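Undergrad: I would like the atomic coordinates for the input below:
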Amino acid sequence: MLKTKDLTYAYKGQASIHFPDLHCEKGSHWLLLGQSGSGKTTFLHLLGGLLPPSQGSILLGDTALHQLSGSALDHFRGQQIGIVFQKAHFVNALNVGENLLLAQQLAGLKPNLSAVRALLANLIIEDKFNKKINQLSVGEQQRVAIARALIKRPALILADEPTSALDDENSQRVITLLEEQAQAVNATLLIVTHDQRLKDHFDNKIVLESLKSIA
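TA: This is a model prediction of the structure:
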């Protein structure tokens with residue numbers, strides 16, 4: 001279960017942004033819609049423990065994420081939260097397969113080469129296993145980022161614009177894979193996007209119309 005209440009965040013020198021309360025049951029799939037500038041990425045970073053809220057609470061299961069800090073927060077996020085960033089960050093000295101094996105290790109899991117290859121095959125990029133990240137197209141890098149988030153079988157999967165660089169066919173494949181992988185481990189899935197192609201695919205939707213600021 002993912003639950004937030006009275007969540008706000010303030011960038012330095014700016015008014016606080018107030019976000020809607022969430023109550024996402026374990027295993028449910030959600031779409032967070034909003035145009036650029038509506039606060040979607042900030043909301044995702046709060047939910048993923050990448051930003052500390054100014055006020056309010058974030059619960060993932062029985063853990064109060066907003067009360068964790070330092071190594072405890074890093075450890076929890078590493079094991080329980082998989083994040084697909086809009087702009088992926090990889091270890092460029094490693095190839096695709098090594099980046100995914102490293103993600104398993106950082107999550108405290110035993111490296112599983114078969115699982116890595118199977119996930120890459122599902123994303124139609126198994127042949128990129130030995131390629132360096134800078135040898136991939138933007139769309140291929142995005143799919144590797146999705147694989148990295150999924151490989152540790154997290155309790156919460158957060159995806160920031162996962163289809164932005166993909167055509168219709170690959171967009172559908174990625175969304176299907178995210179849903180299938182989330183279902184396989186009964187993870188809560190929340191996809192943040194302005195991609196209107198996804199709007200009719202999800203029953204559970206949250207729409208950020210505009211930034212709601214409070215003094």
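
Undergrad: which helix or strand contains the spatially most central residue of the chain?
TA: Centroid check for the chain by CA atoms, centre = their mean gives residue 158 as the closest residue, at 2.3 Å. Element membership for residue 158 (DSSP states H and E) is strand 156-160.

Undergrad: which is the succeeding secondary structure element to that strand?
TA: Once the chain leaves strand 156-160, the next helix or strand it forms, by DSSP H and E, is helix 168-184.

Undergrad: next, the angle from that following helix to strand 156-160.
TA: Angle of helix 168-184 versus strand 156-160, following axes from the mean of the first three to the mean of the last three CA atoms, to 10 degrees, is 160 degrees.

Undergrad: residues of helix 168-184 that come out buried?
TA: 170, 171, 173, 174, 175, 177, 178, 179, 181, 182 (16 or more other CB atoms under 10 Å). Yep, even glycine has a C-beta here, placed from its N, CA and C like the rest.

Undergrad: and the two most separated of the residues you listed?
TA: 170 and 182 (18.4 Å; CB to CB).

Undergrad: just checking, what packs against the strand holding residue 158?
TA: helix 40-47, strand 81-84, helix 138-150, helix 168-184, strand 188-193 (3 or more CB pairs under 8 Å, 6 or more residues apart in numbering; DSSP states H and E).

Undergrad: want to throw these into TSV with distance to residue 207?
TA: Formatted as TSV, the helices and strands packed on strand 156-160 follow (distance: least, CB to CB, whole Å):
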stretch	distance to residue 207
helix 40-47	10
strand 81-84	20
helix 138-150	24
helix 168-184	18
strand 188-193	11
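
Undergrad: wait, which of these is closest to residue 24?
TA: Residue 24 sits nearest to strand 188-193 of all these, at 5.1 Å, using CB to CB.

Undergrad: let me know the average pLDDT across that closest one.
TA: The average pLDDT for strand 188-193 rounds to 94.

Undergrad: show me where pLDDT drops low in this structure?
TA: The model of the chain has pLDDT under 70 over residues 210-215.

Undergrad: please report the residue range of the longest strand in it.
TA: Across the chain, the longest stretch assigned as strand under DSSP state E is strand 2-9.

Undergrad: what are the contacting residues of it?
TA: 16-19, 21-24, 42-43, 46-47, 51, 53-60, 156, 188, 190, 214 (CB atoms under 8 Å, 6 or more residues apart in numbering).

Undergrad: can you give me the end-to-end distance of stretch 116-131?
TA: For stretch 116-131, the first-to-last residue distance is 14 Å (CA to CA, to the nearest Å).

Undergrad: what do you get for stretch 179-196?
TA: Per CA to CA, stretch 179-196 runs 18 Å from first to last residue.

Undergrad: stretch 144-164 now?
TA: In stretch 144-164, first residue to last residue: 14 Å (CA to CA).

Undergrad: noted, bye for now.
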